[in-house]
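Asker: Quick check, what structure comes out for this input:
(one chain, ligands or ions: 1)
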Amino acid sequence: MFNIEEFDIKLDTEFIGRNFIYCDEVVSTNDVLLKEKEFNKDGTVLLAEYQSKGRGRKNRTWVSNAGQNLTFSILLKGDFKENKINLINLASSLSVAQSLDTLYQFDVELKWPNDVLVNKRKIAGILLESSSKGNKINKVVIGIGINVNQPNFPGKFDIQPTSVRKEFKAIVSREKLLSEVLNNFENNLNLIKVEPNKIINDWRNRCKMIGEKIKVVMGDKIKVGLFDDIDENGFLILKIGNTVEKIYSGDISIR
Ligand code: BTN
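Answerer: From the prediction side, this is the model:
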């Protein structure tokens, strides 16, 4: 059981998670916050113990044992520009990385666009989705799955999963971790407004693939080049010979 009181004591935010919804089972926490009109408050966090159809990026599924991990979504309301959404995406993975660092002293790596890795294994994933009214994006939902106390991961994966329990060699408090992530996330959201370069720099410093030769898969297109950097909005700068290309989405791997 998730102890809401314990979580609440450690939550140190103005608005993120102040409207907190906890449920046993949903299809996907992202779907609920995107589609259900009753959940409409900026900063709402929905945590589910189990998702019957948890979703990952690129139509993949996100499988997570019931009651052992953190599968939750954060709702942001407003008027969002495309560039800002990408910064929010980076700020989300950065918040998870900072929290894992602080609580368990992991050396956390961020893999573009926003996978969170420990010892080259995936410990958390993020799925950011949005909805629009007219031509304005008015709702952003950030879905975060963190493998916390799951002991093993049977099956085949693109990147082998791991959990805090496996890396830290102990069962840890999900309440403490969730409050830490939300505290960091609110802090990073504020930084996007006043010092966006700090988000980019902190993210860049954790991205070990910069400088490497990589393969980028974008649907049925494949590009190979040098991962030169990320730009001021977090998009990937790929050098192919003498030309430079900006990559907005895709899956990357070392060549
Ligand atoms: C990925 O790495 O492909 C992203 C995984 C995102 C999983 C989370 S779990 C909570 C939220 N609800 C979903 O259905 N997906 C996200």
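Asker: Quick check: bridge partners of the closest residue to the ligand within the chain?
Answerer: Taking C-beta to the nearest ligand atom as the measure, the chain has Gly125 as its residue closest to the ligand, at 2.1 Å. No exception for glycine: its C-beta is placed from N, CA and C like everyone else's. Gly125 forms beta bridges with Gly145, as assigned by DSSP bridges.
Asker: check contacts around it.
Answerer: Shown here is Gly125, whose contacts under the criterion C-beta atoms under 8 Å, 6 or more residues apart in numbering are Gly56, Arg57, Trp62, Asn114, Asp115, Val116, Ile144, Gly145.
Asker: Now do the helices in the chain.
Answerer: Under the criterion DSSP state H, the chain contains helices at 4-10, 29-35, 82-104, 164-168, 174-194, 196-205.
Asker: related to what we said a few turns ago, can you tell me how far the residue of the chain closest to the ligand is from Asn30?
Answerer: The spacing between Gly125 and Asn30, counted by C-beta to C-beta, to the nearest Å, is 12 Å.
Asker: Now render the helices of the chain as CSV, adding mean pLDDT and distance to the ligand.
Answerer: Supplementary listing: those in CSV, determined by pLDDT from 0 to 100; distance: least, C-beta to the nearest ligand atom, whole Å:
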stretch, mean pLDDT, distance to the ligand
helix 4-10, 98, 16
helix 29-35, 97, 4
helix 82-104, 95, 10
helix 164-168, 98, 15
helix 174-194, 98, 12
helix 196-205, 97, 16
